[in-house]
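Q: below: sequence and its predicted model.
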Amino acid sequence: MKFWDHQHNARSETRRLLLGFAFAVVVLVAAVHAALALAWWLMVAVLPVHLPFPQGFLAANVGVSLMLVLGGWWVETSNLRAGGVKLAQRVGARELRPSLSHAEQRLSNIVDELCIAAHMPRPQIMVMPRTDAVNAFAAGWDESDAVIAVTQGALDYLTREEMQGMVAHELSHLHEGDTRLKMRLAGMVFGLELVYNFGDTMRERRGLAWWFGSAIMVAGFAGWLTGRMLKAAVSRQREYLADARAVQWTRSRDGLGGVLRKVMAQRRDTPAGYAENPVHTGLAHPAVQHMLLVDVPGRSRMERWLDTHPTLDDRVQRVYGRRMQPLPAVPVHAGHESARRDEGGAPGTVSIASLVDPFARFM
């Protein structure tokens, strides 16, 4: 894998897509004004009386549209800044317990090793104990609340080399600021959606409000759909970048490649309908789906069209340079490893998760 070329291409494509996102906002504002102006002229054409075109019509339309888009972005982004630990706990994750499990001690050591190699602070590590699927995600607005959460399936089925590849992928998201970027894009898409919702609310009042609300809904839906498509495209490029960075840091294709191939095998062998049940996967929460190592299967055709992740076949082919077969996911025995650092931190300190949940240390 030519990871330097893949990283350069992913960054360049991300910049182009972000410019496209800004252009989509400008086009949405123009489209709302054009739709309302058209609705006005059609209304004037059918009315028996002559109505002059209202002064300040353009300024009002642009101002309200920008207020909805930017206000929605600010509100949603503020909600998402609650913290990575809180988000992980919402989907059933708990603090790592390296003293009670060889597999969790191995994970702790791997995170320490890769953080030293990447010259970055160690994030909080959490485990999703009720999730058998091999998966993981990274979250957090900045270094102070950064978290990596891995599933029990990853602990059970991945070798040390494969775990290194998965952790390197998630650390790359934190290192490149992808978690913060995705939260901002999610906020902007929410702002675009507010324009559509505003038009829908106007339609409920009937009369002229229904007429103008319909015009806003048409423009708002087009803007929201464009935003979703651009957000998904940006997310796919960041996944390519994180895959390339993982190969660079671990110097191994078989690490991350083995993880992706085992996920392919799990999905091939999973009974139909099993993956869609959040009780079984624990990964169906909409707040984390776009942050996962691999996306949750079994969604509608429309949702797959707006996918935030490349296909597994595509990612495996980029890692190895050719197509590869699934790798059976069988339980792996994690041997004993000594702690590489004081897991509890300096004397008198507490973990981030314990600050959020005072009972986390006793779970």
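A: Happy to help now that I have it.
Q: helix, strand, or coil at residue 149?
A: Classification of residue 149 using DSSP: H, G, I helix; E, B strand; the rest coil returns strand.
Q: OK, contacts around it?
A: Contacts for residue 149 (CB atoms under 8 Å, 6 or more residues apart in numbering) come out as 88, 91, 93, 125, 126, 127, 128, 136, 137, 138, 139. Yep, even glycine has a C-beta here, placed from its N, CA and C like the rest.
Q: any stretches of this protein with poor pLDDT?
A: Within the chain, the stretches with pLDDT under 70 are 1-11, 13-14, 17, 80, 82, 271-282, 286, 297-305, 340-363.
Q: show the residue spans covered by the strands in it.
A: 94-95, 124-128, 136-139, 147-151 (DSSP state E).
Q: out of the ones you listed, flag the one nearest residue 230.
A: strand 136-139 (21.5 Å; CB to CB).
Q: show me what the closest one is packed up against.
A: With contacts defined as 3 or more CB pairs under 8 Å, 6 or more residues apart in numbering; DSSP states H and E, strand 136-139 has these neighbours: helix 84-90, strand 147-151, helix 160-175, helix 178-203.
Q: for this protein, just list every one of the helices.
A: All helices of the chain, identified by DSSP state H, fall at 3-46, 57-80, 84-90, 102-118, 152-157, 160-175, 178-203, 207-250, 253-269, 278-281, 286-289, 301-305, 312-320, 352-356.
Q: winner for burial among these?
A: Most buried of the helices of the chain, by mean neighbour count (mean count of other CB atoms under 10 Å): helix 160-175, with a mean of 25.
Q: rewinding a little: adding distance to residue 336, write the strands of the chain out as a markdown table.
A: Output for the strands of the chain, formatted as a markdown table (distance: least, CB to CB, whole Å):
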| stretch | distance to residue 336 |
| --- | --- |
| strand 94-95 | 21 |
| strand 124-128 | 18 |
| strand 136-139 | 23 |
| strand 147-151 | 19 |
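Q: of all the ones you listed, which one is nearest residue 55?
A: Of all the strands of the chain, strand 136-139 comes closest under CB to CB, at 48.3 Å.
Q: pull out the buried residues from the closest one.
A: 136, 137, 138, 139 (16 or more other CB atoms under 10 Å).
Q: so what touches that strand?
A: Residues contacting strand 136-139 (CB under 8 Å, 6+ apart): 84, 87-88, 123, 146-151, 154, 166-167, 169-171, 173-174, 178-179, 288, 291-293.
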